[in-house]
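*Asks:* Here is a sequence together with a model predicted from it:
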Amino acid sequence: MTSNNQVQSTIRRVLDDKRGMPGALLPILHDIQDELGHVPPEAVADIAEALNLSRAEVHGVISYYHHFRTEAPKGAVVQVCRAEACQSCGSEALWEHASKQAKGQNVTLESVYCLGLCATAPSMSINDKPYARVSHARFDHLLAQLKEAA
Amino acid sequence: MSKIKIYVPRDSEALALGADEVAAVIALQARQRGIPIELVRNSSRGMFWLEPLVEVATKKGRVAYGPVQPEDVAGLFDVGFHNGGAHKLGLGLTDEIDYLKKQERLTFARMGITDPVSLDDYQAHEGYAGLCKALTLKPTEVVQQVLDSGLRGRGGAAFPAGIKWKTVAAAQAEQKYVVCNADEGDSGTFSDRMTMEGDPYMLIEGMTIAAMATGATRGYIYVRSEYPHAIAALNEAIARATEAGFLGNKDGKGVLGSGQAFHLEVRKGAGSYVCGEETAMLESIEGKRGVVRAKPPIPALKGLFGQPTVINNVITFASVPIILARGAAFYANYGLGRSRGTLPIQIAGNVKHGGLVEKAFGVTLRELMVDYGGGTASGRPIKAVQVGGPLGAYVPEAHWDLPMDYEGWTAVGATVGHGGIVIHDDTADLSRLARYAMEFCAIESCGKCTPCRIGSTRGVETIDRITQGDAQNRPQQVKLLRDLCDTMVNGSLCAMGGMTPFPVLSALNHYPEDFGLSKPDRKAA
Ligand SMILES: Cc1cc2nc3c(=O)[nH]c(=O)nc-3n(C[C@H](O)[C@H](O)[C@H](O)COP(=O)(O)O)c2cc1C
Ligand code: SF4
Ligand code: FES
């Protein structure tokens, strides 16, 4: 777990590093999320102050984009693609299967709309590592590997 | 003994199929067997059913094996694949593989052949010939080359690239920008991803030529967050190109001593489809919510931070180097009608031989789906095909033999878009796909206009009432859905709301039985 101090110092460092960039808000949010796993609500005031924006503006941006999360993810982030090309190869059934299997496990399961692996569908990613042609058995295997690694 | 060159792709689709694991086993086995090898992590040839595709350089040329799994590697060494030995996974000379041989690879000429981040490799394969040529021309002559080539935007709207460049070049401003739209949110498309991961200097070179032609000194590549490998490859390539003086302002002398600087930076998106719309993308780069701007003003005059901005898709920019290197006429010689040149087409979905096929305009859907694609992966009949992403229509079989070109296809309600083809077999339910199109629009709408924001949600409900409700009410609900689509088409600011009706209505018109409608209802179309 990251302590409060660490959170604060990460936010400070990112702000010092990036506040001068043109259009700095997204790069700042990305850096914070990449390091902390999410954008903690307490970061909003600091970001707003550093960029001379209102808190509402910063909050509005965070909530607008699907990528940003305000709570720490649980375990590994597992994204299952549910866009058309993957649908044509059974991604809806995979999604249902994944939802069942992930229940109670230490993973954060999310929908994603295309990973650019559409020629070998269905696709998914685990912490940004891509997987293609994912059968239910392969999904179970990957999930078991995650458990082992934990 | 000289080292044997073995190639294992680093494209993320190859990685998704185990390329890293295969590369590791090859390295280990070679060491254990005392065979000196040089392992090159090349880009993908784009034949994804064969990935991981391992190649070996032999006297006769590169020989391919695939798809290779880690457990196949020992057997490959046993038969001496490193000298081109025969094996059941052997595919012969890579260049002789029919799927590749029949293509017209201009933009994707280096794809799968080179090490993506090696500048030497890039230059050894005609890389930077276009920029060097451009630097011998006046900016207006560079723009003229692009105009004469007939190159049109590959991101969807197919607007002539040269006209945009001309507008920006003529604009007076302290600061101009070149922005690359690498948001590639359409399902079934991956040519931008392949380019960024597999030949990043080609995109960088194209953008640099645009900068030199228009007087822009800063550039951004807006890449979706779902593409971490593309972002990493671009960042590495930008750093190396800057170091070597192809970018930036080395010794204060500009790009290759031209006197004009060009600073290029990657910006990461954040999972919003509508940020692929060019003005929403600009808002996003500026650090705001990705809400679509009304036009005019056009971005070419008032774009990023209010300054004149060239915005093009990855493939548009990537097509420019060869146009400059070989001349506008060379490129314009390919294609038909007002659709000049080639298009890197992506064959995806339920398909046996999915991948990247670059062909001149004029190719037909049937050739792509059957001759290249080999039909469905499931072996069942093809039922439906969606072309041009989530906003593209489902194209009925009657149009599968129409030569691909922007005008000809528009005339029958089909969109070329970014050239993605998604195939569905006969288990597909087109009412579900129509519902999904509305649902996707509801999720991704930027919220600026009511027909798109609210209409899409109403669309989902109406489709549900058609498919699940009382049969008696069905004709009335169908009428309601058509009215709603009309409103979306006519009352939306951008193509998100304006084109979502394309997949919905084409599904309804061509597959009425999936909506519980009998054929006569079709007349209502
Ligand atoms: C909802 C929506 C999403 C879009 N997504 C993309 C995209 O991901 N990539 C892209 O290049 N163009 C996309 N476009 C088209 C752009 O608005 C714009 O036409 C394009 O970036 C211009 O470049 P081009 O002329 O080189 O095609 C999208 C348009 C809309 C309405
Ligand atoms: S059509 Fe939709 S996405 Fe486009 S501007 Fe209107 S609300 Fe935004
Ligand atoms: S649609 Fe799933 S990876 Fe593209």
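*Replies:* Good, I have the coordinates. Ligands and ions are numbered 1, 2, ... in the order given.
*Asks:* Report how many residues lie close to the residue lying closest to residue B:217 once chain neighbours are set aside.
*Replies:* Excluding the flanking residues, the one nearest residue B:217 by Cβ to Cβ, 6 or more residues apart in numbering or on different chains is residue B:261, at 5.1 Å. The C-beta positions use only the backbone N, C-alpha and C, and glycine is treated the same way. With neighbours defined by other Cβ atoms under 10 Å in any protein chain shown, the count for residue B:261 comes to 16.
*Asks:* I'd like to know how far residue B:261 sits from ligand 2.
*Replies:* Separation of residue B:261 from ligand 2 (Cβ to the nearest ligand atom, to the nearest Å): 35 Å.
*Asks:* same deal with residue B:517?
*Replies:* In terms of Cβ to the nearest ligand atom, residue B:517 sits 28 Å off from ligand 2.
*Asks:* Just list the residues touching that residue, thanks.
*Replies:* Each residue near residue B:517 by Cβ atoms under 8 Å, 6 or more residues apart in numbering or on different chains is listed here: B:466, B:474, B:478.
*Asks:* show me where pLDDT drops low in chain B?
*Replies:* Along chain B, the parts satisfying pLDDT under 70 run over B:1, B:519-525.
*Asks:* Might you report the residue contacts of the residue nearest the centre of chain B?
*Replies:* Central residue of chain B (Cα atoms, centre = their mean): residue B:191, 3.1 Å from the mean position. Counting by Cβ under 8 Å, 6+ apart, residue B:191 touches B:108, B:314-315, B:344-346, B:356, B:418-419.
*Asks:* could those residues be laid out in a markdown table, adding distance to residue B:296?
*Replies:* Formatted as a markdown table, the contacts of residue B:191 follow (distance: Cβ to Cβ, whole Å):
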| residue | distance to residue B:296 |
| --- | --- |
| B:108 | 35 |
| B:314 | 26 |
| B:315 | 26 |
| B:344 | 32 |
| B:345 | 33 |
| B:346 | 33 |
| B:356 | 36 |
| B:418 | 25 |
| B:419 | 29 |
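*Asks:* The residue nearest to residue B:217 and residue B:245 touch, don't they?
*Replies:* No. Look at residue B:261 against residue B:245 with Cβ atoms under 8 Å: they stay out of range, at 10.8 Å.
*Asks:* How about stretch B:321-339 and ligand 1, any contact?
*Replies:* No. Using Cβ under 6 Å from any ligand atom, stretch B:321-339 never reaches ligand 1; the gap is at least 13.4 Å.
*Asks:* thinking again about what came up before, tell me how far the closest residue to the residue nearest to the centre of chain B other than its chain neighbours lies from chain A.
*Replies:* Leaving aside its sequence neighbours, residue B:191 sits nearest to residue B:344 (Cβ to Cβ, 6+ apart; 4.3 Å). Look at residue B:344 and chain A: by Cβ to the nearest Cβ, to the nearest Å, they are 13 Å apart.
*Asks:* Are the helix or strand hosting residue B:344 and ligand 1 in contact anywhere?
*Replies:* Residue B:344 is part of strand B:342-349, with elements assigned from DSSP states H and E. No. Shown here: strand B:342-349 not in contact with ligand 1 (Cβ under 6 Å from any ligand atom), separated by at least 11.8 Å.
*Asks:* Confirm residue B:6 sits in a strand?
*Replies:* Yes. Residue B:6: assigned to a strand according to DSSP: H, G, I helix; E, B strand; the rest coil.
*Asks:* dump the residue contacts of it.
*Replies:* Residue B:6 touches B:26, B:30, B:37-40, B:54-57, B:82, counting by Cβ under 8 Å, 6+ apart.
*Asks:* Tell me the most packed of the residues you listed, by neighbour count.
*Replies:* Counting by other Cβ under 10 Å, top hit in the contacts of residue B:6: residue B:54 with 27 neighbours.
*Asks:* where's residue B:355 relative to residue B:103, distance?
*Replies:* Residue B:355 sits at a distance of 10 Å from residue B:103 (criterion: Cβ to Cβ, to the nearest Å).
*Asks:* just residue B:503 next, same as before
*Replies:* 28 Å.
*Asks:* Confirm that residue B:274 lies within a helix, as I assumed.
*Replies:* Yes. Assessed with three-state DSSP, residue B:274 lies in a helix.
*Asks:* tally of neighbours for the nearest residue to it once chain neighbours are set aside?
*Replies:* Of all residues not flanking residue B:274 in the chain, residue B:446 sits nearest, at 4.6 Å (Cβ to Cβ, 6+ apart). Counted with other Cβ under 10 Å, residues neighbouring residue B:446 total 24.
*Asks:* re the thing from before, ok, residue B:355 and residue B:103, which is more surrounded?
*Replies:* Higher neighbour count among residue B:355 and residue B:103: residue B:355, with 26 against 22, using other Cβ under 10 Å.
*Asks:* wait, doesn't that one sit right on residue B:47?
*Replies:* Yes. Residue B:355 is within contact range of residue B:47, at 4.9 Å (criterion: Cβ under 8 Å).
*Asks:* overlap in contacts of these two?
*Replies:* Counting by Cβ under 8 Å, 6+ apart, the common neighbours of residue B:355 and residue B:47 are residue B:99.
*Asks:* how near is the residue located most distally from the centre of chain A to residue A:25?
*Replies:* Most distant from the centre of chain A: residue A:52, at 26.8 Å, with distances by Cα atoms, centre = their mean. To residue A:25, residue A:52 is 11 Å away according to Cβ to Cβ.
*Asks:* With residue B:130 instead?
*Replies:* From residue B:130 to residue A:25 the distance is 35 Å (Cβ to Cβ).
*Asks:* ok so, going back, does anything pack onto the strand holding residue B:344? Which helices or strands?
*Replies:* Strand B:342-349 sits against helix A:84-87, helix B:191-198, strand B:355-360, strand B:420-425, with contacts defined as 3 or more Cβ pairs under 8 Å, 6 or more residues apart in numbering or on different chains; DSSP states H and E.
*Asks:* Leaving out the residues flanking it, which one is nearest to residue B:83?
*Replies:* residue B:58 (6.9 Å).
*Asks:* Test of understanding: give the bridge partners of that neighbour.
*Replies:* Beta-bridge partners for residue B:58, by DSSP bridges, are residue B:61.
*Asks:* burial count for it?
*Replies:* Residue B:58: 16 surrounding residues under other Cβ under 10 Å.
*Asks:* List the contacts of the closest residue to residue A:15 other than its chain neighbours.
*Replies:* Take residue A:15 and drop its neighbours on the chain: the residue closest to it by Cβ to Cβ, 6+ apart is residue A:50, 4.5 Å away. For residue A:50, the contacting residues are A:15, A:19, A:28, by Cβ under 8 Å, 6+ apart.
*Asks:* Need the three-state assignment for the residue of chain A found nearest ligand 1.
*Replies:* Proximity of chain A to ligand 1 (Cβ to the nearest ligand atom) peaks at residue A:114, 10.1 Å away. Secondary structure for residue A:114, judged by three-state DSSP, is coil.
*Asks:* Pull out the buried residues from stretch A:54-62.
*Replies:* A:57-59, A:61-62 (16 or more other Cβ atoms under 10 Å in any protein chain shown).
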